[in-house]
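J.: Fold the following and give me the result.
(one chain, ligands or ions: 1)
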Amino acid sequence: MKLAVIGAGVIGVTTAYELSCDGHEVTVFERTSTAAEGASFANMGLLAPAWMAAKASAQWLQDRPAGLASWWRGLRRSSPAVPSRTDPGNALLALADSGARRLDELCASLQLSVDSHQGMMIVWRETRDSKRAEDLHTRIRAYGAECHLMPAEQARALESALNAETPLQGALVMTDAWSVNCRQFTLLLRAAAQRRGCRFEFGRAVSSIQAGTKHRVLCDGEVPFPEHFDGVVLCAGSGSDGLLASLGVRLPLADWEGHSLSAAVREPLDAPVAVVHDLQHQVSIARMSQRIRVSGPAVRAGRTAGGNTPFKALYAVLDDWFPGAIRRGNGAGVQEWTARITSTTDGLPVIGQTARPGIWVNTGHGMHGWVTACSSARLLADMVAGRDSAFDPAPYSAPRFAGHTE
Ligand SMILES: Cc1cc2nc3c(=O)[nH]c(=O)nc-3n(C[C@H](O)[C@H](O)[C@H](O)COP(=O)(O)OP(=O)(O)OC[C@H]3O[C@@H](n4cnc5c(N)ncnc54)[C@H](O)[C@@H]3O)c2cc1C
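T.: Next up is the predicted model:
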(Lines give C-alpha, C1' and ligand atoms only; values in the text may rest on other atoms or scores of the structure.)
Protein backbone atom coordinates (compact mmCIF):
# COMPACT_ATOMS: atom_id res chain seq x y z
CA MET A 1 0.00 0.00 0.00
CA LYS A 2 0.95 3.62 -0.42
CA LEU A 3 1.00 5.14 3.08
CA ALA A 4 1.59 8.59 4.55
CA VAL A 5 3.02 8.92 8.06
CA ILE A 6 2.62 12.33 9.73
CA GLY A 7 5.44 13.21 12.15
CA ALA A 8 9.08 12.15 12.33
CA GLY A 9 9.55 11.80 16.08
CA VAL A 10 10.56 8.42 17.45
CA ILE A 11 7.00 7.14 16.96
CA GLY A 12 6.73 8.26 13.32
CA VAL A 13 10.19 7.00 12.39
CA THR A 14 9.78 3.57 14.02
CA THR A 15 6.31 3.27 12.43
CA ALA A 16 7.64 4.25 9.01
CA TYR A 17 10.48 1.76 9.39
CA GLU A 18 8.20 -1.16 10.32
CA LEU A 19 5.75 -0.33 7.52
CA SER A 20 8.63 -0.19 5.03
CA CYS A 21 9.81 -3.60 6.27
CA ASP A 22 6.35 -4.95 5.42
CA GLY A 23 6.78 -3.76 1.85
CA HIS A 24 4.64 -0.62 1.93
CA GLU A 25 5.55 2.51 0.02
CA VAL A 26 5.92 5.07 2.83
CA THR A 27 6.17 8.88 2.78
CA VAL A 28 6.81 10.71 6.07
CA PHE A 29 5.66 14.34 6.45
CA GLU A 30 7.51 16.39 9.06
CA ARG A 31 7.16 20.12 9.66
CA THR A 32 10.70 20.61 11.01
CA SER A 33 13.89 20.15 9.04
CA THR A 34 14.88 16.75 10.45
CA ALA A 35 13.74 13.83 12.61
CA ALA A 36 13.43 13.86 16.44
CA GLU A 37 13.08 17.61 16.89
CA GLY A 38 9.96 17.42 19.14
CA ALA A 39 9.52 15.39 22.34
CA SER A 40 12.02 12.81 21.07
CA PHE A 41 14.88 15.32 21.09
CA ALA A 42 16.22 15.44 24.68
CA ASN A 43 14.06 13.11 26.76
CA MET A 44 15.48 11.06 29.64
CA GLY A 45 15.97 8.00 27.48
CA LEU A 46 14.72 5.74 30.26
CA LEU A 47 13.71 2.18 29.47
CA ALA A 48 12.44 0.83 32.77
CA PRO A 49 9.21 -1.04 31.95
CA ALA A 50 8.33 -2.34 35.43
CA TRP A 51 9.05 0.98 37.14
CA MET A 52 7.00 2.86 34.55
CA ALA A 53 4.10 0.42 34.89
CA ALA A 54 4.27 0.62 38.70
CA LYS A 55 4.20 4.42 38.56
CA ALA A 56 1.31 4.49 36.08
CA SER A 57 -0.66 2.08 38.23
CA ALA A 58 -0.01 4.13 41.40
CA GLN A 59 -1.05 7.31 39.58
CA TRP A 60 -4.23 5.60 38.39
CA LEU A 61 -5.09 4.55 41.96
CA GLN A 62 -4.58 8.14 43.10
CA ASP A 63 -6.72 9.66 40.29
CA ARG A 64 -9.47 7.03 40.33
CA PRO A 65 -12.87 8.73 40.53
CA ALA A 66 -14.71 8.28 43.79
CA GLY A 67 -17.92 6.90 42.34
CA LEU A 68 -19.04 4.93 39.32
CA ALA A 69 -21.63 7.59 38.53
CA SER A 70 -19.01 10.32 37.98
CA TRP A 71 -16.94 7.96 35.85
CA TRP A 72 -19.97 7.11 33.71
CA ARG A 73 -20.98 10.75 33.27
CA GLY A 74 -17.44 11.63 32.28
CA LEU A 75 -17.11 8.70 29.88
CA ARG A 76 -20.25 9.75 28.05
CA ARG A 77 -18.68 13.17 27.53
CA SER A 78 -15.35 11.51 26.64
CA SER A 79 -13.73 14.47 28.35
CA PRO A 80 -9.95 14.63 28.79
CA ALA A 81 -10.50 15.04 32.54
CA VAL A 82 -11.92 11.55 32.94
CA PRO A 83 -9.66 8.91 34.43
CA SER A 84 -10.01 5.36 33.19
CA ARG A 85 -11.79 2.54 35.02
CA THR A 86 -9.00 0.08 34.31
CA ASP A 87 -5.54 0.03 35.88
CA PRO A 88 -3.14 0.71 32.95
CA GLY A 89 -0.16 -1.03 34.62
CA ASN A 90 -0.29 -4.43 32.88
CA ALA A 91 -1.07 -3.03 29.43
CA LEU A 92 1.77 -0.50 29.71
CA LEU A 93 4.14 -3.22 30.91
CA ALA A 94 3.29 -5.47 27.93
CA LEU A 95 3.98 -2.66 25.44
CA ALA A 96 7.10 -1.40 27.23
CA ASP A 97 8.66 -4.86 27.67
CA SER A 98 8.05 -5.68 24.04
CA GLY A 99 9.32 -2.22 23.02
CA ALA A 100 12.62 -2.67 24.86
CA ARG A 101 13.08 -6.12 23.26
CA ARG A 102 12.30 -4.85 19.74
CA LEU A 103 14.74 -1.96 20.25
CA ASP A 104 17.45 -4.47 21.15
CA GLU A 105 16.66 -6.57 18.07
CA LEU A 106 16.78 -3.53 15.77
CA CYS A 107 20.06 -2.26 17.22
CA ALA A 108 21.59 -5.73 16.81
CA SER A 109 20.26 -6.53 13.32
CA LEU A 110 20.96 -3.06 11.87
CA GLN A 111 24.20 -2.65 13.83
CA LEU A 112 23.09 0.67 15.29
CA SER A 113 25.48 1.98 17.87
CA VAL A 114 23.49 4.02 20.40
CA ASP A 115 24.77 5.46 23.73
CA SER A 116 23.35 3.51 26.64
CA HIS A 117 23.90 3.01 30.36
CA GLN A 118 22.55 0.16 32.45
CA GLY A 119 20.94 0.45 35.88
CA MET A 120 18.70 2.75 37.84
CA MET A 121 18.75 3.77 41.50
CA ILE A 122 15.76 5.35 43.23
CA VAL A 123 16.86 7.34 46.28
CA TRP A 124 15.00 9.04 49.12
CA ARG A 125 16.13 11.44 51.80
CA GLU A 126 13.51 11.27 54.52
CA THR A 127 12.20 8.40 56.64
CA ARG A 128 8.63 9.43 55.83
CA ASP A 129 9.31 8.32 52.21
CA SER A 130 10.46 4.83 53.25
CA LYS A 131 6.90 3.43 53.20
CA ARG A 132 6.36 4.85 49.70
CA ALA A 133 9.62 3.26 48.56
CA GLU A 134 8.61 -0.11 50.03
CA ASP A 135 5.27 0.05 48.18
CA LEU A 136 7.09 0.88 44.95
CA HIS A 137 9.49 -2.02 45.59
CA THR A 138 6.54 -4.42 45.97
CA ARG A 139 4.85 -3.12 42.82
CA ILE A 140 8.00 -3.31 40.67
CA ARG A 141 8.62 -6.90 41.80
CA ALA A 142 4.97 -7.77 41.18
CA TYR A 143 5.59 -6.73 37.56
CA GLY A 144 8.36 -9.31 37.40
CA ALA A 145 11.47 -7.11 37.54
CA GLU A 146 14.42 -7.54 39.85
CA CYS A 147 14.57 -4.72 42.34
CA HIS A 148 16.80 -4.57 45.41
CA LEU A 149 16.04 -2.56 48.51
CA MET A 150 19.38 -1.26 49.81
CA PRO A 151 20.63 0.51 52.90
CA ALA A 152 22.22 3.93 52.34
CA GLU A 153 25.87 2.77 52.73
CA GLN A 154 25.48 0.08 50.08
CA ALA A 155 23.84 2.59 47.69
CA ARG A 156 26.67 5.08 48.25
CA ALA A 157 29.19 2.36 47.42
CA LEU A 158 27.44 1.76 44.07
CA GLU A 159 27.01 5.44 43.14
CA SER A 160 30.15 6.73 44.78
CA ALA A 161 29.66 10.35 43.66
CA LEU A 162 26.39 10.77 45.64
CA ASN A 163 26.84 13.84 47.84
CA ALA A 164 27.77 12.68 51.36
CA GLU A 165 26.09 15.78 52.81
CA THR A 166 22.64 15.02 51.37
CA PRO A 167 20.73 12.70 53.71
CA LEU A 168 20.01 9.30 52.18
CA GLN A 169 17.63 6.84 53.86
CA GLY A 170 17.88 4.02 51.33
CA ALA A 171 17.70 3.06 47.69
CA LEU A 172 15.92 0.77 45.25
CA VAL A 173 18.22 -0.61 42.60
CA MET A 174 17.08 -2.08 39.29
CA THR A 175 19.56 -3.71 36.95
CA ASP A 176 16.97 -4.28 34.23
CA ALA A 177 16.63 -0.58 33.44
CA TRP A 178 18.53 1.44 30.87
CA SER A 179 19.02 4.97 29.67
CA VAL A 180 19.43 4.97 25.89
CA ASN A 181 19.74 8.02 23.64
CA CYS A 182 16.38 8.33 21.89
CA ARG A 183 17.34 11.05 19.40
CA GLN A 184 20.47 9.19 18.28
CA PHE A 185 18.44 6.01 17.69
CA THR A 186 15.71 7.90 15.81
CA LEU A 187 18.22 9.53 13.45
CA LEU A 188 19.96 6.20 12.80
CA LEU A 189 16.65 4.40 12.17
CA ARG A 190 15.52 7.16 9.85
CA ALA A 191 18.59 6.44 7.71
CA ALA A 192 17.77 2.71 7.82
CA ALA A 193 14.18 3.46 6.73
CA GLN A 194 15.48 5.61 3.85
CA ARG A 195 17.65 2.71 2.73
CA ARG A 196 14.44 0.65 2.57
CA GLY A 197 12.92 3.23 0.24
CA CYS A 198 10.98 5.29 2.79
CA ARG A 199 10.70 8.93 1.67
CA PHE A 200 10.96 11.87 4.12
CA GLU A 201 9.30 15.18 3.26
CA PHE A 202 10.91 17.57 5.75
CA GLY A 203 9.73 21.16 6.18
CA ARG A 204 6.14 20.15 5.33
CA ALA A 205 3.57 21.12 7.96
CA VAL A 206 0.42 19.11 7.38
CA SER A 207 -2.60 21.40 7.82
CA SER A 208 -5.36 18.82 7.27
CA ILE A 209 -6.18 15.43 5.81
CA GLN A 210 -8.96 14.75 3.32
CA ALA A 211 -10.31 11.25 3.88
CA GLY A 212 -11.96 9.42 0.99
CA THR A 213 -11.51 6.18 -0.91
CA LYS A 214 -8.00 7.55 -1.41
CA HIS A 215 -6.68 10.12 1.06
CA ARG A 216 -5.05 13.48 0.46
CA VAL A 217 -2.57 15.28 2.67
CA LEU A 218 -2.77 19.09 2.63
CA CYS A 219 0.36 20.94 3.64
CA ASP A 220 1.51 24.48 4.46
CA GLY A 221 -1.83 26.28 4.34
CA GLU A 222 -4.01 23.69 2.60
CA VAL A 223 -1.82 23.01 -0.45
CA PRO A 224 -2.62 19.43 -1.55
CA PHE A 225 0.39 17.12 -1.80
CA PRO A 226 0.35 15.90 -5.43
CA GLU A 227 -0.05 12.19 -4.55
CA HIS A 228 -2.96 10.22 -3.05
CA PHE A 229 -2.55 7.64 -0.29
CA ASP A 230 -4.28 4.34 0.59
CA GLY A 231 -3.77 5.08 4.26
CA VAL A 232 -2.54 7.83 6.60
CA VAL A 233 -0.90 7.16 9.97
CA LEU A 234 -0.92 10.04 12.45
CA CYS A 235 2.21 10.03 14.62
CA ALA A 236 2.27 13.77 15.17
CA GLY A 237 2.65 13.79 18.98
CA SER A 238 1.08 16.98 20.34
CA GLY A 239 0.12 17.97 16.77
CA SER A 240 -2.19 14.93 16.49
CA ASP A 241 -5.28 16.36 18.15
CA GLY A 242 -5.79 19.19 15.64
CA LEU A 243 -5.32 16.89 12.65
CA LEU A 244 -7.76 14.35 14.09
CA ALA A 245 -10.29 17.13 14.68
CA SER A 246 -10.07 18.07 10.98
CA LEU A 247 -11.28 14.50 10.30
CA GLY A 248 -14.06 14.61 12.88
CA VAL A 249 -12.21 12.12 15.08
CA ARG A 250 -12.23 12.98 18.75
CA LEU A 251 -9.90 11.31 21.25
CA PRO A 252 -9.34 12.36 24.86
CA LEU A 253 -5.81 13.70 24.30
CA ALA A 254 -4.31 16.37 26.52
CA ASP A 255 -1.01 18.22 26.16
CA TRP A 256 1.66 18.22 28.85
CA GLU A 257 5.05 19.87 29.06
CA GLY A 258 8.30 18.22 30.06
CA HIS A 259 11.66 19.83 30.74
CA SER A 260 15.21 18.61 30.74
CA LEU A 261 18.65 20.06 31.03
CA SER A 262 21.75 18.53 29.51
CA ALA A 263 25.35 19.47 30.16
CA ALA A 264 28.86 18.14 29.67
CA VAL A 265 30.34 16.17 32.58
CA ARG A 266 32.92 18.35 34.34
CA GLU A 267 34.60 15.58 36.31
CA PRO A 268 33.60 11.90 35.80
CA LEU A 269 34.38 11.11 39.45
CA ASP A 270 31.63 13.57 40.49
CA ALA A 271 29.04 12.21 38.06
CA PRO A 272 26.48 9.39 38.33
CA VAL A 273 27.31 6.00 36.83
CA ALA A 274 23.75 5.35 35.58
CA VAL A 275 20.29 6.80 36.36
CA VAL A 276 19.55 8.20 39.81
CA HIS A 277 15.91 9.09 40.53
CA ASP A 278 14.93 11.33 43.46
CA LEU A 279 11.69 9.88 44.85
CA GLN A 280 10.59 13.04 46.66
CA HIS A 281 11.04 15.46 43.75
CA GLN A 282 10.40 12.92 40.95
CA VAL A 283 13.56 14.14 39.21
CA SER A 284 15.88 11.78 37.31
CA ILE A 285 19.57 12.34 36.67
CA ALA A 286 21.07 10.21 33.92
CA ARG A 287 24.56 9.70 32.62
CA MET A 288 24.55 9.92 28.82
CA SER A 289 28.04 9.22 27.64
CA GLN A 290 30.04 12.42 28.30
CA ARG A 291 26.92 14.33 29.31
CA ILE A 292 24.44 14.41 32.16
CA ARG A 293 20.70 14.84 31.59
CA VAL A 294 18.23 15.89 34.29
CA SER A 295 14.46 15.81 33.94
CA GLY A 296 11.40 16.16 36.15
CA PRO A 297 7.72 15.24 36.02
CA ALA A 298 5.53 16.62 33.23
CA VAL A 299 3.05 19.41 33.99
CA ARG A 300 -0.19 20.23 32.16
CA ALA A 301 0.69 22.47 29.19
CA GLY A 302 0.33 26.15 29.94
CA ARG A 303 0.39 25.61 33.70
CA THR A 304 4.12 26.16 34.24
CA ALA A 305 4.70 29.06 36.61
CA GLY A 306 6.49 32.05 35.04
CA GLY A 307 10.27 32.39 34.73
CA ASN A 308 12.56 29.39 34.66
CA THR A 309 11.05 27.59 37.68
CA PRO A 310 11.17 24.02 36.30
CA PHE A 311 14.85 24.41 35.47
CA LYS A 312 15.64 25.86 38.91
CA ALA A 313 14.14 22.73 40.45
CA LEU A 314 16.24 20.49 38.16
CA TYR A 315 19.49 22.36 39.01
CA ALA A 316 18.62 22.18 42.71
CA VAL A 317 18.15 18.39 42.71
CA LEU A 318 21.31 17.89 40.63
CA ASP A 319 23.29 20.07 43.05
CA ASP A 320 21.89 18.14 46.01
CA TRP A 321 23.05 14.77 44.72
CA PHE A 322 25.97 15.50 42.39
CA PRO A 323 27.42 18.95 43.12
CA GLY A 324 30.05 19.98 40.61
CA ALA A 325 29.12 17.22 38.16
CA ILE A 326 28.46 19.51 35.19
CA ARG A 327 30.18 22.44 33.56
CA ARG A 328 28.33 25.72 34.06
CA GLY A 329 28.81 29.39 33.39
CA ASN A 330 29.55 31.27 30.21
CA GLY A 331 30.35 29.06 27.27
CA ALA A 332 29.52 25.83 29.16
CA GLY A 333 26.62 25.19 26.79
CA VAL A 334 24.03 23.86 29.26
CA GLN A 335 20.94 23.00 27.20
CA GLU A 336 17.59 23.85 28.82
CA TRP A 337 14.85 22.15 26.84
CA THR A 338 11.05 22.13 26.96
CA ALA A 339 8.80 19.86 24.90
CA ARG A 340 5.12 19.12 24.53
CA ILE A 341 3.88 15.60 24.90
CA THR A 342 0.37 14.33 24.46
CA SER A 343 -1.31 11.83 26.70
CA THR A 344 -4.67 10.05 26.94
CA THR A 345 -6.88 9.91 30.03
CA ASP A 346 -5.95 6.32 30.83
CA GLY A 347 -2.20 6.77 30.38
CA LEU A 348 -2.02 4.34 27.44
CA PRO A 349 -1.32 5.33 23.83
CA VAL A 350 -3.83 5.05 20.98
CA ILE A 351 -2.65 2.60 18.34
CA GLY A 352 -4.77 1.43 15.42
CA GLN A 353 -7.43 2.43 12.97
CA THR A 354 -9.84 5.25 13.79
CA ALA A 355 -13.52 5.26 12.83
CA ARG A 356 -12.41 6.79 9.49
CA PRO A 357 -11.33 3.81 7.34
CA GLY A 358 -7.71 4.08 6.31
CA ILE A 359 -6.89 6.71 8.96
CA TRP A 360 -4.62 5.21 11.60
CA VAL A 361 -3.06 6.64 14.76
CA ASN A 362 -0.03 5.92 16.87
CA THR A 363 -0.01 8.71 19.43
CA GLY A 364 -0.76 9.72 23.03
CA HIS A 365 2.36 8.07 24.47
CA GLY A 366 2.83 10.67 27.22
CA MET A 367 6.04 10.18 29.21
CA HIS A 368 6.51 6.59 27.94
CA GLY A 369 6.87 7.09 24.19
CA TRP A 370 10.50 6.05 24.01
CA VAL A 371 10.08 2.74 25.79
CA THR A 372 6.91 1.92 23.80
CA ALA A 373 8.04 3.23 20.38
CA CYS A 374 9.40 0.05 18.81
CA SER A 375 6.54 -2.20 19.96
CA SER A 376 3.77 0.27 19.10
CA ALA A 377 5.25 0.64 15.61
CA ARG A 378 5.36 -3.13 15.12
CA LEU A 379 1.81 -3.47 16.47
CA LEU A 380 0.54 -0.76 14.10
CA ALA A 381 2.25 -2.44 11.13
CA ASP A 382 0.70 -5.82 12.10
CA MET A 383 -2.72 -4.17 12.28
CA VAL A 384 -2.31 -2.55 8.85
CA ALA A 385 -1.35 -5.97 7.48
CA GLY A 386 -4.33 -7.60 9.22
CA ARG A 387 -1.93 -9.93 11.08
CA ASP A 388 -2.27 -11.18 14.65
CA SER A 389 0.10 -9.29 16.90
CA ALA A 390 2.29 -10.55 19.71
CA PHE A 391 -0.15 -9.22 22.33
CA ASP A 392 -3.74 -8.07 22.74
CA PRO A 393 -4.21 -4.72 20.94
CA ALA A 394 -7.57 -3.92 22.63
CA PRO A 395 -6.22 -1.77 25.52
CA TYR A 396 -4.65 0.64 22.99
CA SER A 397 -7.46 0.84 20.44
CA ALA A 398 -9.29 4.08 19.56
CA PRO A 399 -12.79 2.60 20.07
CA ARG A 400 -12.01 2.09 23.79
CA PHE A 401 -12.97 5.75 24.14
CA ALA A 402 -16.71 6.20 23.86
CA GLY A 403 -17.76 8.67 21.19
CA HIS A 404 -14.37 8.87 19.51
CA THR A 405 -16.03 10.16 16.32
CA GLU A 406 -18.27 13.24 16.15
C1 LIG B 1 11.44 15.80 29.49
C2 LIG B 1 10.93 14.51 28.92
C3 LIG B 1 11.47 13.31 29.37
C4 LIG B 1 10.99 12.09 28.87
N5 LIG B 1 11.57 10.93 29.29
C6 LIG B 1 11.14 9.75 28.78
C7 LIG B 1 11.74 8.55 29.17
O8 LIG B 1 12.68 8.55 29.97
N9 LIG B 1 11.29 7.38 28.65
C10 LIG B 1 10.24 7.36 27.77
O11 LIG B 1 9.85 6.26 27.35
N12 LIG B 1 9.67 8.49 27.34
C13 LIG B 1 10.08 9.68 27.82
N14 LIG B 1 9.51 10.85 27.42
C15 LIG B 1 8.39 10.77 26.48
C16 LIG B 1 8.86 10.64 25.04
O17 LIG B 1 9.88 11.56 24.79
C18 LIG B 1 7.67 10.89 24.11
O19 LIG B 1 6.59 10.06 24.49
C20 LIG B 1 8.05 10.55 22.67
O21 LIG B 1 9.19 11.27 22.27
C22 LIG B 1 6.87 10.89 21.77
O23 LIG B 1 7.28 10.70 20.45
P24 LIG B 1 6.39 11.21 19.25
O25 LIG B 1 7.08 10.79 18.03
O26 LIG B 1 4.98 10.80 19.49
O27 LIG B 1 6.38 12.79 19.43
P28 LIG B 1 7.43 13.87 18.88
O29 LIG B 1 8.82 13.43 19.13
O30 LIG B 1 7.00 15.17 19.45
O31 LIG B 1 7.22 13.83 17.33
C32 LIG B 1 6.07 14.34 16.70
C33 LIG B 1 6.53 14.96 15.41
O34 LIG B 1 5.40 15.33 14.66
C35 LIG B 1 5.69 16.56 14.00
N36 LIG B 1 4.41 17.19 13.69
C37 LIG B 1 3.43 17.57 14.54
N38 LIG B 1 2.40 18.11 13.87
C39 LIG B 1 2.74 18.08 12.55
C40 LIG B 1 2.09 18.51 11.37
N41 LIG B 1 0.89 19.08 11.40
N42 LIG B 1 2.72 18.33 10.18
C43 LIG B 1 3.96 17.75 10.13
N44 LIG B 1 4.62 17.34 11.23
C45 LIG B 1 4.02 17.49 12.44
C46 LIG B 1 6.48 17.33 15.05
O47 LIG B 1 7.24 18.36 14.45
C48 LIG B 1 7.34 16.22 15.64
O49 LIG B 1 8.58 16.10 14.98
C50 LIG B 1 9.96 12.08 27.90
C51 LIG B 1 9.44 13.28 27.44
C52 LIG B 1 9.93 14.49 27.93
C53 LIG B 1 9.36 15.78 27.39
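J.: Going by C-alpha atoms from here, please, whenever you check contacts or count neighbours.
T.: OK.
J.: longest helix in this structure, by residue count?
T.: Looking across the chain with DSSP state H, the single longest helix is helix 89-110.
J.: which residues sit against that helix?
T.: 47, 49-50, 52-54, 56-57, 112-114, 143, 192, 348, 371-376, 391, 395 (CA atoms under 8 Å, 6 or more residues apart in numbering).
J.: The residues you listed in helices, which ones?
T.: Short answer: the contacts of helix 89-110 in helices (DSSP H) are Pro49, Ala50, Met52, Ala53, Ala54, Ala56, Ser57, Ala192, Ala373, Cys374, Ser375, Ser376.
J.: Which one of those is nearest to the ligand?
T.: Ala373 (7.5 Å; CA to the nearest ligand atom).
J.: so which strand or helix has the residue nearest to that closest one when sequence neighbours are not counted?
T.: Leaving aside its chain neighbours, Ala373 sits nearest to Ile11 (5.3 Å; criterion: CA to CA, 6 or more residues apart in numbering). Element membership of Ile11 [criterion: DSSP states H and E] is helix 10-21.
J.: Whether the helix or strand just after that helix contacts the ligand - can you check?
T.: Sequence order places strand 25-30 as the next helix or strand after helix 10-21, per DSSP H and E. Yes: residues of strand 25-30 are located near the ligand by CA under 6 Å from any ligand atom, namely Phe29, Glu30.
J.: who touches strand 25-30?
T.: Contacts for strand 25-30 (CA under 8 Å, 6+ apart): 1-8, 12, 16, 19-20, 197-206.
J.: what angle separates it from helix 10-21?
T.: 170 degrees (axes from the mean of the first three to the mean of the last three CA atoms, to 10 degrees).
J.: Show me what strand 25-30 pairs with in its sheet, parallel or antiparallel.
T.: Here strand 25-30 has these sheet partners by DSSP bridges: strand 2-6 (parallel), strand 199-202 (parallel).
J.: Go through those and name the closest to the ligand.
T.: strand 2-6 (5.6 Å).
J.: most tightly surrounded among the strands paired with strand 25-30?
T.: Mean neighbour count (mean count of other CA atoms under 10 Å) peaks for strand 2-6 among the strands paired with strand 25-30, with a mean of 25.
J.: State the mean pLDDT of it.
T.: Throughout strand 2-6, pLDDT has a mean value of 98.
J.: hmm, back to that, list the buried ones in the longest helix of the chain?
T.: 89-100, 102-103 (16 or more other CA atoms under 10 Å).
J.: could I get those as a markdown table with distance to the ligand and pLDDT?
T.: Below are those laid out as a markdown table (distance: CA to the nearest ligand atom, whole Å; pLDDT from 0 to 100):
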| residue | distance to the ligand | pLDDT |
| --- | --- | --- |
| Gly89 | 14 | 94 |
| Asn90 | 16 | 95 |
| Ala91 | 14 | 96 |
| Leu92 | 11 | 97 |
| Leu93 | 12 | 97 |
| Ala94 | 13 | 96 |
| Leu95 | 11 | 97 |
| Ala96 | 8 | 97 |
| Asp97 | 11 | 96 |
| Ser98 | 13 | 97 |
| Gly99 | 10 | 97 |
| Ala100 | 10 | 97 |
| Arg102 | 14 | 97 |
| Leu103 | 12 | 98 |
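J.: what would the residues you listed look like in CSV with distance to Asn362?
T.: Output for the buried residues of helix 89-110, formatted as CSV (distance: CA to CA, whole Å):
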residue, distance to Asn362
Gly89, 19
Asn90, 19
Ala91, 15
Leu92, 14
Leu93, 17
Ala94, 16
Leu95, 13
Ala96, 15
Asp97, 18
Ser98, 16
Gly99, 14
Ala100, 17
Arg102, 17
Leu103, 17
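J.: number of nearby residues for Gly267?
T.: Not quite, residue 267 is Glu, not Gly. 12 (other CA atoms under 10 Å).
J.: That one contacts Ile326, doesn't it?
T.: Yes: counting by CA atoms under 8 Å, Glu267 touches Ile326, with 7.4 Å between them.
J.: quick one on the thing from earlier: which among the ones in helices among the contacts of helix 89-110 end up buried?
T.: Buried members of these, counted by 16+ other CA under 10 Å: Pro49, Ala50, Met52, Ala53, Ala54, Ala56, Ser57, Ala192, Ala373, Cys374, Ser375, Ser376.
J.: who's in contact with stretch 121-139?
T.: With CA under 8 Å, 6+ apart, stretch 121-139 has contacts from 54-55, 147-149, 166-174, 274-280.
J.: Now do the buried residues in it.
T.: Here stretch 121-139 shows Met121, Ile122, Val123, Trp124, Arg125, Ser130, Ala133, Leu136, His137, Arg139 as buried, counting by 16+ other CA under 10 Å.
J.: Looking at the residues you listed, which are in strands?
T.: Taking DSSP state E as the definition of strands, those contribute Met121, Ile122, Val123, Trp124.
J.: Distance of the third one relative to Ala373?
T.: What it means is Val123. Noted for Val123: a distance of 28 Å to Ala373, by CA to CA, to the nearest Å.
J.: Then Thr175?
T.: Thr175 sits 21 Å away from Ala373, going by CA to CA.
J.: what residue ranges in the chain score low on pLDDT?
T.: By pLDDT under 70, the low-scoring segments of the chain are 64-85, 304-308, 402-406.
J.: residue nearest the centroid of the protein?
T.: Gly369 (2.3 Å; CA atoms, centre = their mean).
J.: Skipping its backbone neighbours, what lies nearest that one in space?
T.: Ile11 (7.2 Å).
J.: With Leu162 instead?
T.: Among residues not flanking Leu162 along the chain, Trp321 sits closest, at 5.3 Å (CA to CA, 6+ apart).
J.: tally of neighbours for that neighbour?
T.: Trp321: 24 neighbours (other CA under 10 Å).
J.: shouldn't it be in contact with Ser160?
T.: No: in this structure, Trp321 is not within contact of Ser160 by CA under 8 Å, at 10.7 Å.
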